[in-house]
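J.: Curious how this folds, go ahead:
(one chain, ligands or ions: 1)
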Amino acid sequence: MTELLRSWVDGANRPDTDFPLNNLPVGVFSLADGPRRQGVAIGDRILDLGRAEAAGVLGFGGRLMQDGWNGFMASGRGEWARLRRELTMLLAEGAAARARVEPLLVPMAAARLHLPFAVSEYTDFYAGRHHATNVGTMFRGPENALPSNWLHIPIGYNGRASSVVVTGTSVIRPMGQIKGPEDALPRFAASARFDIELEMGAVVGQASDGPISVAEAFDNIFGYVLLNDWSARDIQAWEYQPLGPFQAKATATTISPWIVMAAALAPFRVATPEREVPLLPYLAEPGPMLYDIALEVGLAPEGAPETVIARTNYREMYYSAAQQLAHHASCGCPMRVGDLLGSGTISGPERGNRGSLLEISWGGKEPITLDSGETRSFLADRDTVTLRGHAQGRGYRIGFGEASGKILPARG
Ligand code: MN
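T.: This is a model prediction of the structure:
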């Protein structure tokens, strides 16, 4: 385990900051009505990389002077590593460059955060074993909880890039076609079982055209974000057979504003769980490619304090993002810079570790009581849901910021 790298920037050496010098996550911000600019989070500040490049403090061929990270990601792994190296030198305690860099810092509290990259395509997986077992038990019974393909394939579906939004964006409760088990006919109505899915998102930073190995896939992942895959369970239950989710998942997907680069998470790599059945060779992992990242979900009704309703860990996944990406490319599917891969809902073994309300309330049969005294089976209008996550180092953490969204009433 590595130690805290000390920085001269305010707040960067606090043990509870998400953004010590070890992290250096990248995002896009604006001030007042100003343009969107690339930045890196450090302590309570954002380093304005567009201005840093314009001032000659950094030189990356203008790839830090854009309004998203796709161009920089495309420049390749060598440049990813060089940016981290140069930022580490500029921001380290005692850095000679401090006087030149300090005017390029802006207070994070004054900044508006935007989507950090243009999402090329969005794919969502179903790779958490506890989640798949819980949902399968509810839908098909304990005998057939895991589909027969589940231990062999990282199952996924092609989602909608257009639905991906950054933290702080409100989410309007979806309308859709719903037919309950007792209903003779479907009706078009507001979802009454609107839910969250606690996930991690992997951001593809290198294009590929044709099959790639798991090792290559691992290297092609630029970084990770928190991801909430908002899900309308009543719409999903009626529409999902035989082609999988469609409208139930296409309302919104919220991500955290900072891409934590894979390099920052390297000290926290862990292996996927032991395989119950051997995987086909093209899915074999040459080393630990999952990460130890503590995750939590907070739910706050309007005007009431937040209750943490779930705590779990990314290491609970059965498949790593590298395995998912290798599987995705295995048929020859071209992958692009800016592809976003959702991990699948991350649940753990206990009730308190469940990453969706569907599981927490067991299909609505066991509502939870919040600290405010209210109960929830699914989301109510004006609830705010916030995902948080961090990898814990010795005396520091690698955090992601928040992925938060408030539910607004349906437009029915
Ligand atoms: Mn999902």
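
J.: Please look at G210 and M335 and confirm they touch.
T.: No - contact criterion Cβ atoms under 8 Å: G210 and M335 do not qualify, at 9.6 Å. (Glycine included, C-beta is placed from N, CA and C.)

J.: Identify the contacts common to the two.
T.: Counting by Cβ atoms under 8 Å, 6 or more residues apart in numbering, the residues touching both G210 and M335 are A329.

J.: Compare those two (neighbour count), which wins?
T.: Neighbours of G210 and M335, each counted by other Cβ atoms under 10 Å, are more numerous for M335; the result is 23 against 11.

J.: Just list whatever residues bridge to that one.
T.: Going by DSSP bridges, M335 is paired in beta bridges with S208.

J.: I'd say it and A207 touch.
T.: Yes - with contact defined as Cβ under 8 Å, M335 counts as touching A207 (6.3 Å).

J.: tell me, what's touching those two both at once?
T.: Applying Cβ under 8 Å, 6+ apart, one finds that no residue jointly contacts M335 and A207.

J.: can you map out the strands along the stretch 251-400 of the chain?
T.: Taking DSSP state E, counting those that start in this stretch, the strands of the stretch 251-400 of the chain run over residues 253-255, 260-261, 269-270, 290-291, 294-300, 307-313, 340-342, 368-369, 375-376, 384-392, 397-408.

J.: And those: which comes nearest the ion?
T.: strand 340-342 (5.3 Å; Cβ to the ion).

J.: Tell me which residue of this protein lies closest to the ion.
T.: D229 (3.5 Å).

J.: Kindly tell me how buried the residue lying closest to that residue once chain neighbours are set aside is, as a neighbour count.
T.: Residue nearest to D229 in three dimensions, not counting chain neighbours: E197, with 3.9 Å by Cβ to Cβ, 6 or more residues apart in numbering. The number of residues packed around E197, counting by other Cβ under 10 Å, is 28.

J.: Now do E197, the pLDDT please.
T.: According to the prediction, E197 has pLDDT 98.

J.: ok, now M1?
T.: With respect to pLDDT, M1 has a value of 56.

J.: Next: G141.
T.: 89.

J.: The worst-scoring helix or strand of the chain on mean pLDDT and the ion in contact?
T.: None of the helices or strands of the chain scores lower by mean pLDDT, DSSP states H and E than helix 129-140, at a mean of 91. No - judged by Cβ under 5 Å from the ion, helix 129-140 stays clear of the ion, getting no closer than 8.7 Å.

J.: quick one on the thing from earlier: tell me the spacing between the residue nearest to D229 and P142.
T.: The spacing between E197 and P142, counted by Cβ to Cβ, to the nearest Å, is 22 Å.

J.: what does M317 give?
T.: Using Cβ to Cβ, M317 is found at 22 Å from P142.

J.: continuing past the helix or strand hosting F29, what's the next helix or strand?
T.: Assigning secondary structure by DSSP states H and E places F29 in strand 26-31. Where DSSP H and E defines the elements, the next helix or strand beyond strand 26-31 is strand 37-42.

J.: next helix or strand past that following strand?
T.: Of the helices and strands lying after strand 37-42 in sequence (DSSP H and E), the nearest is strand 45-48.

J.: Please report how far the residue nearest to the spatial centre of the chain lies from G348.
T.: Of all residues in the chain, the one closest to the mean position by Cα atoms, centre = their mean is L226, 2.4 Å from it. Counting by Cβ to Cβ, the gap from L226 to G348 is 16 Å.

J.: mind listing what the residue nearest to D48 when sequence neighbours are not counted touches?
T.: Leaving out its chain neighbours, the residue that sits closest to D48 by Cβ to Cβ, 6+ apart is L104, at 5.0 Å. Contact analysis of L104 by Cβ under 8 Å, 6+ apart lists L47, D48, R51, A52, A55, V57.
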